[in-house]
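Asker: below are the sequence and a predicted model; questions follow.
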Amino acid sequence: MFRVQVDVLVLYNAIPDLSPINLGPESGMEWKDEYSVGVAKFDADHMIILDLINTHLSTEINLDTVQFILDQLNEYTTEHFDLEEEHMDRIGYPNLADHQRKHIEMKSHLDFIRNQVTAGNTDTIELTTTFLNDWWDNHILIEDMAYKHFELETLNAETDN
Ligand SMILES: [Fe+2]
Ligand SMILES: [Fe+2]
């Protein structure tokens with residue numbers, strides 16, 4: 001488990017374009033090939049996150065906008081997480097259980113923020129920014145990228161034999 005995580009960090013640092021985003025006032029995000037996890041459906045889902053980040057950056061943020069973003073996330077996550085977990089299972093990914101735990105944590109964090117929005121808590125705007133940022137930087141670019149890295153290594157090992 002530890003070895004794969006180290007490898008992913010090495011990969012992450014070795015590819016300059018795979019850089020984390022900074023949610024600043026003028027930063028807009030565009031999709032790059034380097035962001036691909038190697039499965040078209042998952043990439044399409046990840047592009048939704050980018051769109052939501054860009055929506056979050058470009059619109060005047062209020063609780064209605066945040067509600068919209070969180071509703072969209074809520075709609076897409078269950079299916080996306082299930083399909084990713086099936087994929088990781090199929091390729092024999094050794095960190096599946098850990099990744100599943102992350103998905104559960106993200107879903108429960110999303111539920112928490114959605115409840116805060118419903119309660120009219122304006123801190124939710126900040127929470128949503130942090131959540132989206134973390135989702136992109138830590139989950140998609142590191143944790144999701146890890147199953148792609150594993151799959152490539154496995155394929156390479158099979159080709160070498
Ligand atoms: Fe994902
Ligand atoms: Fe994931």
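Answerer: Noted; the coordinates are in hand. Ligands and ions are numbered 1, 2, ... in the order given.

Asker: how much space between the one residue sitting closest to the centre of the chain and ligand 2?
Answerer: Centroid-nearest residue in the chain: I140, 3.2 Å away (criterion: CA atoms, centre = their mean). Separation of I140 from ligand 2 (CB to the ion, to the nearest Å): 7 Å. Any C-beta I mention is one placed from the backbone N, CA and C, and that applies to glycine too.

Asker: I'd assumed H46 was in contact with that residue.
Answerer: Yes - if you go by CB atoms under 8 Å, I140 and H46 touch, sitting 5.4 Å apart.

Asker: what's the overlap in contacts for those two?
Answerer: Contact criterion CB atoms under 8 Å, 6 or more residues apart in numbering; residues shared by I140 and H46: 35, 37.

Asker: continuing past the worst-scoring helix or strand of the chain on mean pLDDT, what's the next helix or strand?
Answerer: Least confident helix or strand, the chain: helix 2-14 with a mean of 35, by mean pLDDT, DSSP states H and E. Later in the chain than helix 2-14, the nearest helix or strand by DSSP states H and E is helix 40-58.

Asker: show me how far that following helix is from its chain's centre.
Answerer: With CA atoms, centre = their mean, to the nearest Å as the basis, helix 40-58 stands 9 Å off its chain's centre.

Asker: is ligand 2 contacted by that helix?
Answerer: No - Helix 40-58 stays clear of ligand 2 (CB under 5 Å from the ion), getting no nearer than 8.3 Å.

Asker: that's all I had, so thanks and see you.
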